[in-house]
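In: What follows is a protein structure lacking sequence information:
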């Protein structure tokens, strides 16, 4: 199989044509005339064709050489344009930015800041996706993922913690009036509990306070992987839910839900940005990471502080 042609050979060939001589080409390339001659001979040898008719004083393009030269110019121009665009993408946010987020978190934190981000960077197209599962960044071509978990299992991903949340126990005033307010963790086993299940959350309720940590088996009429569904059901008096602070913040503030067993909560849940690689982070990805740090991180902290 013929070896791939070296761009340096094509460069030398076009230099000879444009400069008018092997000597002039050698001066421009800062090599010897003999080296230029060898490069042209190597190019002809690889192609198996004669590109230049040469004598001791002059050279002339063959018909094949003239056609080949024109094609080479087109190829090199395309390569230069591609390189220019690639370099530009490392300095100026442009192109397509693929962002992945857990659905509930994205609803509360990404959606409110996304329009302004797009307006700030009009040469960007944001492709936004949601998933509850551990992100397959390389397999799905994702640039940045926002993911919540107590601990990161995949050390291959490049992660940065941008915030911390936890979950709290809540129920509607109507439910508590009808079924009573739990006085201890053990009382939860006598109540209808609405359970959130996804890959970052254990099947049991894990609750902690300043001194103790408990794993509690609970039961109830509903299991879901979407916090918003459990939020709606809790507000309708269906049971007690253990939900992330950002999910229940507004409902608790307004009185639609009441926090119970306030000394207890889930362990800290880290909010992370995940990247497939730390090498060659382009401008669009850097712009989004900066935006997250500026717009989303402070909001996470404010929402969490309300329950501390």
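Out: Structure received. The structure presented is a predicted model; accordingly, all values stated were derived computationally and were not measured.
In: With adjacent residues omitted, what lies nearest to residue 116?
Out: Closest residue to residue 116 in three dimensions, ignoring its sequence neighbours and counting by CB to CB, 6 or more residues apart in numbering: residue 295, at 7.8 Å. The way it works is simple: take the backbone N, C-alpha and C, and place the C-beta from them, glycine included.
In: meant to ask about residue 49
Out: In space, residue 49 is closest to residue 64, 5.3 Å off (CB to CB, 6+ apart).
In: what kind of secondary structure is residue 142 in?
Out: The three-state assignment at residue 142 reads coil, by DSSP: H, G, I helix; E, B strand; the rest coil.
In: Pretty sure it sits against residue 99.
Out: Yes: between residue 142 and residue 99 a contact is recorded at 7.4 Å, counting by CB atoms under 8 Å.
In: joint contacts of those two?
Out: Residues touching both residue 142 and residue 99 (CB atoms under 8 Å, 6 or more residues apart in numbering): residue 129.
In: circling back: my guess is the residue nearest to residue 49 meets residue 50, correct?
Out: Yes: here residue 64 reaches residue 50: they are 7.1 Å apart, a contact under CB under 8 Å.
In: in this structure, what secondary structure element scores lowest on mean pLDDT?
Out: Within the chain, confidence by mean pLDDT, DSSP states H and E is lowest for helix 137-140 among all helices and strands, at a mean of 68.
In: How many neighbouring residues does residue 268 have?
Out: Neighbours of residue 268 under the rule other CB atoms under 10 Å: 12.
In: For it, give its distance to residue 148.
Out: Residue 268 sits 11 Å away from residue 148, taking CB to CB, to the nearest Å as the criterion.
In: again, but for residue 71
Out: Applying CB to CB, the value for residue 71 to residue 148 is 54 Å.
In: More neighbours: these two, which one.
Out: Neighbour totals were compared for residue 71 and residue 148, and residue 148 leads with 21 against 11 (other CB under 10 Å).
In: Would you agree that one falls within a strand?
Out: Yes: counting by three-state DSSP, one finds residue 148 located in a strand.
In: Any regions of the stretch 1-150 of the chain where pLDDT drops low?
Out: Where the stretch 1-150 of the chain drops to pLDDT under 70, the residues are 1-7, 55-58, 77, 80-91, 138-139.
In: which residues in it form strands?
Out: Shown for the stretch 1-150 of the chain, the strands assigned by DSSP state E, counting those that start in this stretch span residues 52-54, 59-61, 95-101, 124-130, 144-149.
In: Of all these, which one comes closest to residue 183?
Out: strand 144-149 (30.4 Å; CB to CB).
In: which residues sit against that closest one?
Out: 97-102, 105-106, 109-110, 134-135, 137, 165, 200, 244, 269-275, 285, 288-289, 292.
In: and the angle from that strand to strand 124-130?
Out: 30 degrees (axes from the mean of the first three to the mean of the last three CA atoms, to 10 degrees).
In: between strand 144-149 and strand 95-101, what angle do the directions make?
Out: Using the same axes, to 10 degrees: strand 144-149 against strand 95-101 is 10 degrees.
In: List the strands paired with strand 144-149, with their directions.
Out: Looking at strand 144-149 with DSSP bridges, its partner strands are strand 95-101 (parallel), strand 269-275 (antiparallel).
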